[in-house]
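Enquirer: output the structure for:
(chains A and B)
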Amino acid sequence: MNGSEVVLRALVDQGVEVIFGYPGGAVLPIYDALFKQNSLRHILVRQEGGAVHAAEGYARSTGKVGVVLVTSGPGATNAVTGLTDALMDSIPVVCLTGQVPTHLIGNDAFQEADTTGITRPCTKHNYLVKDPAQLARVIHEAFHVARSGRPGPVVIDLPKDILVGAAPYVTPERAKHRTYNPPVKGDIKKIEQAVEMMANAKRPLLYCGGGVINSGPTASKLLTQFMRLTGFPCTLTLMGLGAVPSSDPQFLGMLGMHGTYEANLAMHDCDLMINIGARFDDRVTGRLAAFSPGSRKIHVDIDPSSINKSVPVELGIVGDVAHVLEDMIKVWKARQPKLDRQALKSWWAQIEQWRARDCLRYRPSKDIIKPQYALQRLQEHIKDRDFYITTEVGQHQMWAAQFLKFEEPHRWMTSGGLGTMGYGLPAAMGVQIAHPKSLVIDVAGEASILMNIQEMSCIAQYRLPVKVFILNNEYMGMVRQWQELLHGGRYSESYMESLPDFVKLAEAFGAVGLRATKPEELDDVIKEMIDTPRAVIADIMVDKTENCFPMIPSGAAHNEILLGPGDELERQVSEDGMVLV
Amino acid sequence: MTTEKRIERHTIAVLVDNEPGVLARVIGLFSGRGYNIESLTVAETDTEQHLSRITAVTSGTPMVIEQIKAQLGRLVPVHKVSDLTAEGPHVERELLLVKVVSRGEKRVEALRIADIFRARVVDATIESFVFEVTGAADKLSAFIALMKPLGMVDVSRTGVVAISRGAQAL
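Expert: Down below sits the predicted model:
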């Protein structure tokens, strides 16, 4: 076998079915090998950045490792944003990059880039294969690293001479890593201690995140079971949506900067915070000094470096969420802890009071489409279907998180950590490849969608019936909102003139273009979008000046949350707050 | 977990696979996350298993020190992270080479001080000496301070290497 055949054989043995990629000089030998086989399907994207996001969408909706194949130099550098995105959101991706032949490395050769150097800080790990004897082992190890512990992206840089020359093959079983084997079981003594703390809590709160999703569907089932067993309220991060059913009365909605009033106030006032698979992100904590001042905290995370990183906790449990929850449920059932029913009852009464504020309320309009209304209508039309949602980044993303309801994990794909505009369309492509029969919708803004619009061409090539639901306010809405609230309404460069006609654009890409400009047109457009068996861009012209609320201004605490336009910024945002993103 | 703001100095030993890029990974981790490096030494210590031992001296609040150890621990080629400062008594040594160029009384004085510090002369010409000194970092700093007015023109230090006291191995 030559190196390229070893690469493909290793991928097949790792259970890979689909590769997202783009050819180029350095990877031509792999493309030649691809041509001669039938077990791997290659999806030709239109830019390498799209390949990584597509692989992320594929990975997040299936729980498998997403695979990317790009060439050296610009192929690899274009992949960097996607790799960083996958690192921030802990998504398992293996990215094969071509490299100039080993004797030319360091020589400023054509299409040479120091790929391992560039991607070192934006991958979980990376490899440069210089010895053909190591090739198969490195690929197997890369998959092991990508999916074990806290998942993440792994780059394998492959010089062209390695791909062309002969190389031995070894099977995955014979390529075990000697050190990297993160433990999955949590310390049982600490789990018992956690149950003890929960039993004595008067105002407990479950705060759960993407770690639950990454742990697999079992983790979400166990979390839901544990939530119901304890009767504790539960809030989810942006990354965790779907970990417990949205319709469950114990679910308080998403928390954080644009989270619900009840979730954020419960975070602030709880006396025991049980963090399961979340990481105290700054979008969640707000001002650290004022973060949940009266609570004791338990933190379950598979990554020891997440514990005590920004928020000190009383009890840190290192382990996989599903394993820890399984033990926690066992211990809970064995102990039959006596809860303080009276305290819990008044805690719930308090939460219901907050909930009654109906924080997602907005002023309806008969003349213009409110973005929230558009998403409420979308929710009505998709709720009984088998659907997957991806998003771009901005106001539309936050509204989608607030108004769309997820009953299961792996249905919601959004760029949380990095906040990558242009994520949603290629991610939707990857989801649709994995779930050809399902309804896949990219909820987009008109600015974000233009960042990877070229992938419409890929969508056309593979006849993917992806739906793009653009909430078009002609502004970079979130930038505009911050400029309104923090910069005296000076809308510096946040308005886009000369936007394309998205209906015609859809048609140019062989898709169907639809538009709604008035509220009464909305239902028909959504219905037509869903019923069309092809790719659709639905251009929904929404209120240009609508802001996304609730909002915790930068540098503020959870209990300083703003509910809406009527809720004045009580005090000016502090200078400390202004420097925060 | 303590939230103390007190800055502590810790000596951390890290056992890693001696593979290309491993040092860049460690250094990149410190610079990327804004941790301090006071000194860092590395060399292969197990030629059969290709393991290198890195000794890093760093400073930070207790929370930052915990983070540094956890972040090092999750690097794929890292086998073991050991906080020598936290784990009990240990020996820290550093090697220093100093070049002094002088004549007459200054040259004699340099030699006299070198003797007090148990420095070895590893190179000599009519007008210069190269001294080798080993010891704790502050001893070496004291030696440098004394040699400065005596014609010191060049200094090279290895950075700290450290090992725990007693029978226990890393």
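
Enquirer: C-alpha from now on. contacts and neighbour counts both.
Expert: Noted.

Enquirer: enumerate every residue touching whatever residue of chain B ends up closest to chain A.
Expert: When distances are taken as C-alpha to the nearest C-alpha, chain B approaches chain A most closely through B:Ala70, which lies 4.6 Å from it. B:Ala70 makes contact with A:304-305, according to C-alpha atoms under 8 Å, 6 or more residues apart in numbering or on different chains.

Enquirer: beyond the one helix or strand it maps to, next helix or strand please.
Expert: Using DSSP states H and E, B:Ala70 sits within helix B:62-73. Sequence-wise, the next helix or strand downstream of helix B:62-73 (DSSP H and E) is strand B:78-83.

Enquirer: list of residues touching that next one?
Expert: Contacting residues not belonging to strand B:78-83 are listed as A:179, B:10-17, B:69, B:72-73, B:170 [C-alpha under 8 Å, 6+ apart].

Enquirer: CA atoms of the helix holding B:Ala70 as CSV?
Expert: The C-alpha trace of helix B:62-73 is given here as CSV (Å, rounded to 0.1, in the frame of the first residue of the first chain):
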residue,chain,number,x,y,z
PRO,B,62,-2.8,29.4,44.1
MET,B,63,-5.7,29.3,41.6
VAL,B,64,-3.4,30.1,38.7
ILE,B,65,-0.8,27.5,39.8
GLU,B,66,-3.6,24.9,39.9
GLN,B,67,-4.6,25.9,36.4
ILE,B,68,-1.1,25.7,35.1
LYS,B,69,-0.8,22.1,36.4
ALA,B,70,-4.2,21.1,35.0
GLN,B,71,-3.5,22.7,31.6
LEU,B,72,-0.1,21.0,31.4
GLY,B,73,-1.7,17.7,32.4
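
Enquirer: average pLDDT across it?
Expert: For helix B:62-73, mean pLDDT is 96.

Enquirer: same question for stretch B:37-50.
Expert: Mean predicted confidence for stretch B:37-50 is 95.

Enquirer: who touches that stretch?
Expert: Under the criterion C-alpha under 8 Å, 6+ apart, residues B:17-19, B:30, B:51-59, B:158-161 lie in contact with stretch B:37-50.

Enquirer: picking that back up, can you pick out the most distant pair from the contacts of strand B:78-83?
Expert: A:Thr179 and B:His10 (24.8 Å; C-alpha to C-alpha).

Enquirer: more neighbours, those two?
Expert: A direct count of neighbours by other C-alpha atoms under 10 Å in any protein chain shown for A:Thr179 and B:His10 places B:His10 higher, at 18 against 13.

Enquirer: what bridges to the more buried one?
Expert: Beta-bridge pairing of B:His10, defined through DSSP bridges, involves B:Thr58.

Enquirer: in this structure it contacts B:Glu87, no?
Expert: No. Counting by C-alpha atoms under 8 Å, B:His10 sits too far from B:Glu87 to count as a contact (10.4 Å).

Enquirer: tell me the residues of chain B that contact chain A?
Expert: By C-alpha under 8 Å from any C-alpha of the partner chain, the part of chain B that sits against chain A consists of B:1-3, B:25, B:28-29, B:32, B:63-64, B:67, B:70-71, B:74-79.

Enquirer: now the stretch 51-200 of chain A, which segments are flagged as low pLDDT?
Expert: Judged by pLDDT under 70, the stretch 51-200 of chain A has its weakly predicted residues at A:177.

Enquirer: switch to 80 and redo it
Expert: By pLDDT under 80, the weakly predicted segments of the stretch 51-200 of chain A are A:176-179.

Enquirer: likewise for chain B?
Expert: Of all residues in chain B, those with pLDDT under 80 make up the ranges B:1-4.

Enquirer: next, count neighbours for the nearest residue in space to A:Asp131 that is not next to it in sequence.
Expert: Computed as C-alpha to C-alpha, 6 or more residues apart in numbering or on different chains, the closest residue to A:Asp131 that is not its neighbour in sequence is A:Ile162, at 7.3 Å. Number of residues near A:Ile162 (other C-alpha under 10 Å) recorded here: 23.

Enquirer: quick one, domains of chain A?
Expert: For chain A, the domain assignment from automatic domain parsing gives the residue ranges A:3-174, A:188-355, A:371-541.

Enquirer: need the contact partners of stretch B:19-32.
Expert: A:120-121, B:16, B:36-37, B:50, B:68, B:71-72, B:75, B:77.

Enquirer: no wait, stretch B:133-147
Expert: B:92-98, B:100, B:110, B:113, B:117-120, B:160.

Enquirer: 7 Å - rerun?
Expert: B:92-97, B:110, B:118-120 (C-alpha atoms under 7 Å, 6 or more residues apart in numbering or on different chains).

Enquirer: for it, buried residues please.
Expert: B:133-135, B:137, B:140, B:143-144, B:146-147 (16 or more other C-alpha atoms under 10 Å in any protein chain shown).

Enquirer: now, those that are in strands?
Expert: The members of the buried residues of stretch B:133-147 that map onto strands under DSSP state E are B:133-135.

Enquirer: residue 166 - how many residues pack around it?
Expert: The chain I'm using is chain A. 16.

Enquirer: chain B, not that one
Expert: Other residues lying near B:Gly166 total 9 when counted by other C-alpha under 10 Å.

Enquirer: against A:Pro29, how distant is it?
Expert: Computed with C-alpha to C-alpha, to the nearest Å, the distance linking B:Gly166 and A:Pro29 is 56 Å.

Enquirer: what's the answer for B:Val122, then?
Expert: For B:Val122, the distance to A:Pro29 equals 56 Å [C-alpha to C-alpha].

Enquirer: for the two, indicate the residue with more neighbours.
Expert: A:Pro29 (22 against 12).

Enquirer: so that one sits against A:Gly165, correct?
Expert: No. At 10.0 Å, A:Pro29 does not count as touching A:Gly165 under the criterion of C-alpha atoms under 7 Å.

Enquirer: just to revisit the earlier point, assumed the residue nearest to A:Asp131 was part of a helix.
Expert: Yes. The assignment for A:Ile162, made by DSSP: H, G, I helix; E, B strand; the rest coil, places it in a helix.

Enquirer: wait, it sits on A:Pro132?
Expert: Yes. Look at A:Ile162 against A:Pro132 with C-alpha under 7 Å: they come within range, at 5.8 Å.

Enquirer: give me the common contacts of these two.
Expert: Residues touching both A:Ile162 and A:Pro132 (C-alpha under 7 Å, 6+ apart): A:Gly3.

Enquirer: flag every residue of the stretch 301-450 of chain A that's near chain B.
Expert: A:304-305, A:308-309, A:312-314 (C-alpha under 7 Å from any C-alpha of the partner chain).

Enquirer: farthest pair in those?
Expert: Every pair of those checked by C-alpha to C-alpha; the farthest is A:Ser305 and A:Glu314, at 15.2 Å.

Enquirer: which of these two has more neighbours?
Expert: Per other C-alpha under 10 Å, whichever of A:Ser305 and A:Glu314 has more neighbours is A:Ser305, with 19 against 13.

Enquirer: look up phi and psi at that one.
Expert: With angles defined as degrees, to the nearest 10, A:Ser305 sits at phi -80, psi -10.

Enquirer: what ranges do the strands span in the stretch 451-581 of chain A?
Expert: Remark: strands assigned in the stretch 451-581 of chain A by DSSP state E, counting those that start in this stretch are A:467-472, A:512-516, A:536-541.

Enquirer: got it, and chain B?
Expert: So, for chain B - with DSSP E - the strands run B:8-17, B:39-46, B:51-60, B:78-83, B:90-101, B:120-124, B:128-135, B:152-157, B:161-164.

Enquirer: residue contacts, the residue in chain A that chain B sits nearest to?
Expert: In chain A, the residue that lies nearest chain B is A:Ser305 (4.6 Å; C-alpha to the nearest C-alpha). Taking C-alpha under 7 Å, 6+ apart as the definition of contact, the neighbours of A:Ser305 are B:67, B:70-71.

Enquirer: please tell me how far it sits from B:Thr125.
Expert: The span separating A:Ser305 from B:Thr125 equals 54 Å under the rule C-alpha to C-alpha.

Enquirer: before we move on, what about A:Leu87?
Expert: In this structure, A:Leu87 and B:Thr125 are separated by 57 Å, where distance is defined by C-alpha to C-alpha.

Enquirer: fine by me, we can end here.
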